[in-house]
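A.B. asks: coordinates for the following, if possible.
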Amino acid sequence: MLAALAASGCVSHHYVYEPEQAATALVAGHSASYYQIPPQAPHGDVRVATLGIVKLKPPSGEGAEIRAMHVRMVVDNNDDIGPWQVDTRQQDAILGGHGKSRPAFASSNLGGPPVVSVAPGQSATIDLYYPLPEDMQKASQIPQLAVFWHVQTPEGAVAERTSFERVRVEPPPPPGTIAWELGWGWAPGWYDPYWPDYTFWGAPVLAPYDYRVVVASP
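C.D. replies: Model (predicted):
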């Protein structure tokens, strides 16, 4: 279930994250890297984008709000001889100075995280959420992000690195002429109980029963 809130905002700079390579596609209106896989004999493709920083909030309304980086993978198995497997525990992100982390939360339109199976003719949208360290709570504090993603195909594993750089967007028109939308959505996906062992240095430790709702930032 999704709902939308409209709220007027004051004039200020904001940021988006653009892929540094293969930025030839769009995912949810965001620039995305595009890869044909397997590279030697493509039977489909993968698109990877960063949708920005979102807020993870407990469904009960109790407990601290957590900011996370939202990465989306769109995996299209067009006509391979068998299913592709995407293990969300293998999709790592790197922040400078804070090392590597795997996602604390994952969800997919096909269901089934942590391992998502994409049959021939299917398209999977996989959302990955990486809670951020305490000193990287805003886009202005995160100049770059790298995502190491893996897809298992019948021909073997495909692994790539997608790097994103922060781009400042010019201020919108004066107040009163534009409205931003905040999306509030239930996230019934999978929580990684072992995530604290694989987190960015300095990121908060979460309890699996506390966080099931994602509240998107503008």
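
A.B. asks: drop to CA atoms for contacts and neighbour counts, all remaining ones
C.D. replies: Fine.

A.B. asks: the nearest residue to residue 122 once chain neighbours are set aside and residue 118: what is the separation?
C.D. replies: Once flanking residues are discounted, residue 122 sits nearest to residue 77: 5.7 Å by CA to CA, 6 or more residues apart in numbering. Computed with CA to CA, to the nearest Å, the distance linking residue 77 and residue 118 is 6 Å.

A.B. asks: pick out whichever of those two has more residues nearby.
C.D. replies: Set side by side, residue 77 and residue 118 show more neighbours around residue 77, with 25 against 21, by other CA atoms under 10 Å.

A.B. asks: any idea what that one is bridged to?
C.D. replies: residue 44, residue 122 (DSSP bridges).

A.B. asks: still on that earlier bit, pull up the overlap in contacts between residue 77 and residue 118.
C.D. replies: Common neighbours of residue 77 and residue 118 are listed as 83, 84 (criterion: CA atoms under 8 Å, 6 or more residues apart in numbering).

A.B. asks: before we move on, back to that, which residues touch the residue nearest to residue 122?
C.D. replies: Counting by CA under 8 Å, 6+ apart, residue 77 has contacts 43, 44, 45, 83, 84, 118, 119, 120, 121, 122, 123.

A.B. asks: show the model's pLDDT score for the most centrally placed residue in the chain.
C.D. replies: With distances taken as CA atoms, centre = their mean, residue 71 lies nearest the centre of the chain, 1.4 Å away. On the pLDDT scale, residue 71 is placed at 96.

A.B. asks: the host helix or strand of it: what's the following helix or strand?
C.D. replies: Taking DSSP states H and E as the criterion, residue 71 maps to strand 66-77. Downstream of strand 66-77, the first helix or strand assigned by DSSP H and E is strand 84-87.

A.B. asks: quick one: buried residues of whatever helix or strand comes next after that next one?
C.D. replies: With elements assigned by DSSP H and E, the helix or strand that comes after strand 84-87 is strand 92-95. Across strand 92-95, burial judged by 16 or more other CA atoms under 10 Å covers 92, 93, 94, 95.

A.B. asks: again with stretch 150-161
C.D. replies: By 16+ other CA under 10 Å, the buried positions in stretch 150-161 come out as 150, 151, 152, 153.

A.B. asks: next: stretch 19-39.
C.D. replies: Neighbour-count burial for stretch 19-39 flags 19, 23, 25, 27, 30, 31, 32, 33, 34, 35, 37, 38 (criterion: 16+ other CA under 10 Å).

A.B. asks: which two of those residues have the greatest separation?
C.D. replies: Maximum pairwise distance among the buried residues of stretch 19-39 (CA to CA): 24.0 Å, between 30 and 38.

A.B. asks: so where's the chain shaky on pLDDT?
C.D. replies: Low-confidence segments of the chain (pLDDT under 70): 1-13, 58-63, 171-188, 207-218.

A.B. asks: try 80
C.D. replies: Scanning the chain for pLDDT under 80 picks out the ranges 1-13, 57-64, 112, 170-189, 205-218.
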